[in-house]
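Engineer: everything below, folded, please.
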Amino acid sequence: MLPILADYLNRLEVVHADMRRTLEGLPQEALDWSPGPDISSIAVLAAHTAGALRYWIGDVAGQAPSGRDRSAEFRTQDVDAAALIVRLDAALDHSRSVLERLALPDLEATRISLRDGKEYTIAWALAHALEHTAVHLGHMHITRQLWDHRETPAPAARPPHTAGEGRSQA
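Structural biologist: Here you go, the predicted structure:
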């Protein structure tokens with residue numbers, strides 16, 4: 001594998017491992033819980049992330065259609081953490097196999113996205129897949145934090161700092 005793609009895969013694996021840790025140990029209620037209207041649950045975020053990763057790296061970069069049903073990802077409910085992790089692992093494994101087959105000139109090659117009919121370079125598709133995965137990991141972290149603290153009262157407000165008190169002067 002090209003060193004740049006090995007580095008890319010390493011970053012993807014780090015984000016993936018963090019996503020797995022975020023899912024582990026959550027009860028079904030937490031996985032399906034949404035903190036508010038139009039905010040995805042952790043289960044939806046995991047399913048959508050797996051689908052999007054498989055799509056951008058597998059379908060677009062690797063030209064191996066998955067038959068993805070994007071809208072179904074947003075209806076994910078009653079899917080336990082183990083099953084969500086299986087989906088994420090499968091997407092990562094497929095991504096690894098695509099990355100192993102790519103050569104440097106491939107990164108400049110263009111592909112048509114069947115979802116929107118637009119043309120993207122393979123490099124763009126890879127960058128977008130990593131970015132998208134990391135963004136949704138952040139969403140999962142925040143949602144888990146909100147779940148973990150949903151019944152905990154907020155700490156008492158502190159009085160505002162006065163100039164120079166406890167602040168860096170940088």
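Engineer: rest of the way, CA atoms for contacts and neighbours
Structural biologist: Fine.
Engineer: what residue lies at the spatial centre of this structure?
Structural biologist: Central residue of the chain (CA atoms, centre = their mean): Thr133, 2.6 Å from the mean position.
Engineer: quick one: the helices in the chain?
Structural biologist: Remark: helices assigned in the chain by DSSP state H are 3-23, 28-32, 42-53, 70-73, 81-101, 122-148.
Engineer: could you dump these to a markdown table with mean pLDDT and distance to Leu114?
Structural biologist: Shown next, in a markdown table, are these (pLDDT from 0 to 100; distance: least, CA to CA, whole Å):
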| stretch | mean pLDDT | distance to Leu114 |
| --- | --- | --- |
| helix 3-23 | 98 | 24 |
| helix 28-32 | 98 | 30 |
| helix 42-53 | 98 | 13 |
| helix 70-73 | 98 | 12 |
| helix 81-101 | 98 | 18 |
| helix 122-148 | 97 | 13 |
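Engineer: could you work out the end-to-end span of stretch 110-121 for me?
Structural biologist: Using CA to CA, to the nearest Å, one end of stretch 110-121 lies 4 Å from the other.
Engineer: hey, which of the helices of the chain is tucked in deepest?
Structural biologist: Highest mean neighbour count among the helices of the chain (mean count of other CA atoms under 10 Å): helix 42-53, with a mean of 25.
Engineer: list the contacts of it.
Structural biologist: Residues outside helix 42-53 that contact it (CA atoms under 8 Å, 6 or more residues apart in numbering): 19, 23, 30-34, 68, 70, 73-77, 79-81, 84, 87-88, 91-92, 95, 129-130, 132-133, 136, 139-140, 143-144.
Engineer: got the angle between it and helix 122-148?
Structural biologist: Interaxial angle, helix 42-53 versus helix 122-148 (axes from the mean of the first three to the mean of the last three CA atoms, to 10 degrees): 170 degrees.
Engineer: next, the angle helix 81-101 makes with helix 42-53.
Structural biologist: Per the same axes, to 10 degrees, the angle that helix 42-53 makes with helix 81-101 is 20 degrees.
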